[in-house]
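**Student:** Generate a structure from the sequence data that follows.
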Amino acid sequence: MAGHDHDHQHEHGSELSETQLRVRALETILTEKGYVDPAALDAIVETYETKVGPRNGAAVVAKAWSDPAFKKALLADATAAVNTLGHVSRVGDHLVAVENTPQRHNMIVCTLCSCYPWEVLGLPPVWYKSAPYRSRAVKDPRGVLADFGVALPKETEIRVWDSTAETRFLVLPMRPAGTEGWSEERLAQLVTRDSMIGTGLARAPSEIAS
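**Tutor:** All right, here's what the predicted structure looks like:
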């Protein structure tokens, strides 16, 4: 399997867990004292989970679809290419873009914790961090894809990339047919968070408003 050195220490793992515990404790205290509205917290999380991060990634994908030079740069050094668009990693990780083709479908997992490219995808979905996904993605990626409603031809190779504390991955989904001449803004509407993780495909043009 590509992309993972299982001997690495995942240094940030325990720190992340400790941070999460502290955040939860702080949220509880602030909520109990009436300083924070839980609904407001949920709204903030929802914004990062579904809008801010994935929107950044969608812009990256749309530019790669429409700009051959940027696509070449993205596949050569995604960190540098993404930085040119202003999406700088906050944790110093190295971003690698992997391209889906009719011959190969890529999928991202982090088997040891939940490393994730926050700067382009926002907060990781709950299922990404779950033990069933982390284990089954490696053992039965085609079955996992089926669970997400993705059926690929038998001849399509599925490659699973295992994230680390140092290296994160972004899937460059295939550009849907029938989008010739589309603007980057319109193309970005076809890009879903799951398509950039590899558990989904880009939307068909008929799925968005014209």
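**Student:** Where do the strands of the protein begin and end?
**Tutor:** Per DSSP state E, the chain carries strands over the ranges 94-99, 104-109, 157-162, 167-172.
**Student:** So which of those strands is the most surrounded?
**Tutor:** The highest mean neighbour count among the strands of the chain, using mean count of other C-beta atoms under 10 Å, belongs to strand 167-172: a mean of 24. In this view, the C-beta of every residue, glycine as well, is placed from N, C-alpha and C.
**Student:** Rebuild the strands of the chain as TSV, extending it with distance to V61.
**Tutor:** Shown next, in TSV, are the strands of the chain (distance: least, C-beta to C-beta, whole Å):
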stretch	distance to V61
strand 94-99	9
strand 104-109	13
strand 157-162	16
strand 167-172	6
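**Student:** what's the closest of the ones you listed to T179?
**Tutor:** Nearest to T179, of all the strands of the chain, is strand 167-172, at 14.7 Å by C-beta to C-beta.
**Student:** how distant is that closest one from the center of its chain?
**Tutor:** Centroid separation between strand 167-172 and its chain, computed with C-alpha atoms, centre = their mean, to the nearest Å, is 7 Å.
**Student:** That one vs strand 104-109, what angle?
**Tutor:** Angle of strand 167-172 versus strand 104-109, following axes from the mean of the first three to the mean of the last three C-alpha atoms, to 10 degrees, is 140 degrees.
**Student:** Dump the strands of the chain to CSV, plus mean pLDDT and distance to I208.
**Tutor:** Output for the strands of the chain, formatted as CSV (pLDDT from 0 to 100; distance: least, C-beta to C-beta, whole Å):
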stretch, mean pLDDT, distance to I208
strand 94-99, 95, 22
strand 104-109, 98, 22
strand 157-162, 98, 27
strand 167-172, 95, 19
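**Student:** Figure out which of the ones you listed is closest to Y35.
**Tutor:** Comparing these by C-beta to C-beta, strand 167-172 comes nearest, at 33.7 Å.
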